[in-house]
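> only the shape, not the letters, is given here:
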């Protein structure tokens with residue numbers, strides 16, 4: 001009952017680019033009713049749009065963008081509240097980017113590594129979704145920056161968890177009443 005496994009396969013056939021298959025595999029384990037570590041790996045493909053390929057304003061020689069993403073995270077949930085912190089690592093092949101004249105180009109290889117913290121819940125009767133994402137490696141950071149970002153996000157999440165643990169969910173719901 002504590003194990004959660006999610007998987008997906010997708011196949012597409014583009015008239016201009018041929019067939020493409022992608023997958024997703026995710027794993028989570030409920031340590032307690034509130035805490036769940038997660039791990040996932042997935043691939044993606046993004047074909048250029050009609051405007052990207054337009055000879056007048058785009059680049060007709062564009063190829064589809066392909067990526068592989070690994071994620072390692074932890075989630076805390078109680079009632080309508082959910083906090084997540086996820087470390088991500090994405091590698092791109094033929095990434096579609098805009099050059100300095102805003103014309104789409106393929107970049108042979110690219111990478112994006114960082115951390116994302118998110119909150120989903122109901123605060124004062126309002127359905128609220130917040131996310132902060134820091135792409136540390138893409139911004140020129142090094143592995144120690146990623147570790148530092150993980151540490152800060154983990155400490156913040158731990159502090160919130162400890163406050164809710166000692167104050168109790170009832171105290172949180174008094175301050176942040178759930179929507180009915």
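The structure has been received and is ready for your questions. All of these numbers come straight from a predicted model, not from anything done at the bench.
> flag every buried residue along stretch 70-81.
71, 73, 74, 75, 76, 77, 78, 80, 81 (16 or more other CB atoms under 10 Å). From N, CA and C alone the C-beta is placed, and that goes for glycine too.
> so the third one makes contact with residue 39?
No - between residue 74 and residue 39 there is no contact, the gap being 10.3 Å when judged by CB atoms under 8 Å.
> picking up where we left off before, redo the buried residues of stretch 70-81 as a markdown table? Include secondary structure, pLDDT and distance to residue 104.
Compiled in a markdown table, the buried residues of stretch 70-81 are given as follows (DSSP: H, G, I helix; E, B strand; the rest coil; pLDDT from 0 to 100; distance: CB to CB, whole Å):
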| residue | secondary structure | pLDDT | distance to residue 104 |
| --- | --- | --- | --- |
| 71 | strand | 96 | 27 |
| 73 | strand | 95 | 32 |
| 74 | strand | 94 | 37 |
| 75 | strand | 94 | 36 |
| 76 | strand | 92 | 40 |
| 77 | strand | 92 | 40 |
| 78 | strand | 90 | 44 |
| 80 | coil | 88 | 41 |
| 81 | strand | 90 | 40 |
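> any idea which of those residues is closest to residue 130?
For these, the minimum distance to residue 130 (CB to CB) is 11.6 Å, reached by residue 81.
> wait, that closest one sits on residue 119?
Yes - the criterion here is CB under 8 Å, and residue 81 meets it with residue 119 at 7.4 Å.
> across the sheet, point out what pairs with residue 86.
residue 73, residue 116 (DSSP bridges).
> got the phi and psi for the residue lying farthest from the centre of the chain?
Taking CA atoms, centre = their mean, the residue of the chain most remote from its mean C-alpha position is residue 56, at 34.3 Å. Main-chain dihedrals, residue 56, degrees, to the nearest 10: phi -80, psi -40.
> in stretch 31-39, which residues are buried?
By 16+ other CB under 10 Å, the buried positions in stretch 31-39 come out as 34, 36, 38.
> show the pLDDT at the first one.
Right, residue 34. pLDDT, the model's per-residue confidence, is 91 for residue 34.
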